[in-house]
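1. Quick one, fold the following:
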Amino acid sequence: MGRKYSKVADYPETARRTLKEMYRQVGDLLMDEDGVAKRGLIVRHLIMPGNIAGTREVMRWIARELSPTTYVNVMAQYYPAGKVSRAEYAEINRRVTAREYEEAFEEARHAGLLHLDRRRPSC
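-> Model (predicted):
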């Protein structure tokens, strides 16, 4: 999928390697008494139509390879625009449904992730 949509052949491996290095450098998210982030990693995962982002695998990887205490923002903001209207991208030419968002969030919980940012999606 990374090759098709981002034109990057090794997108998953590059993302994993980068996240591991960021986590090594700063660790889990630390907030002050007012809830303001002071230091640490926040992973933002964009839910895509039809689960083409591989949410189950991504969440399991985060919990296993980084930490179950990694702060993860599960995002439903995907909006089809630009070249997405072309026939070659028909599978992502729609918004994420509320059900897809709920399933993605459940995958994150099922993976054992403990710090999930659940914003009300605009699905």
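
2. neighbours around A81, how many?
-> 8 (other C-beta atoms under 10 Å). (Each C-beta comes from the backbone N, C-alpha and C, glycine too.)

3. And the pLDDT at it?
-> Reported pLDDT at A81 in the predicted model: 89.

4. any idea how far it is from F105?
-> From A81 across to F105, the span is 24 Å (C-beta to C-beta, to the nearest Å).

5. which helices and strands sit right next to the helix or strand containing F105?
-> Element membership for F105 (DSSP states H and E) is helix 98-110. When contacts are defined as 3 or more C-beta pairs under 8 Å, 6 or more residues apart in numbering; DSSP states H and E, helix 98-110 sits against helix 55-61, strand 71-75, strand 115-117.

6. how about 6 Å then?
-> Helix 98-110 sits against helix 55-61, strand 71-75, with contacts defined as 3 or more C-beta pairs under 6 Å, 6 or more residues apart in numbering; DSSP states H and E.

7. what is R39 paired to in the beta sheet?
-> L30 (DSSP bridges).

8. correct me, but it touches L30?
-> Yes. With contact defined as C-beta atoms under 6 Å, R39 reaches L30; the gap is 5.0 Å.

9. Can you lay out the helices and strands packed on helix 98-110 as JSON lines showing mean pLDDT and distance to R119?
-> Shown next, in JSON lines, are the helices and strands packed on helix 98-110 (pLDDT from 0 to 100; distance: least, C-beta to C-beta, whole Å):
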{"stretch": "helix 55-61", "mean pLDDT": "97", "distance to R119": "16"}
{"stretch": "strand 71-75", "mean pLDDT": "95", "distance to R119": "8"}
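
10. Would you mind giving these as a markdown table with mean neighbour count added?
-> Supplementary listing: the helices and strands packed on helix 98-110 in a markdown table, determined by neighbours: other C-beta atoms under 10 Å:
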| stretch | mean neighbour count |
| --- | --- |
| helix 55-61 | 19 |
| strand 71-75 | 20 |
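
11. Turn those into TSV, including distance to L19.
-> Below are these laid out as TSV (distance: least, C-beta to C-beta, whole Å):
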stretch	distance to L19
helix 55-61	9
strand 71-75	11
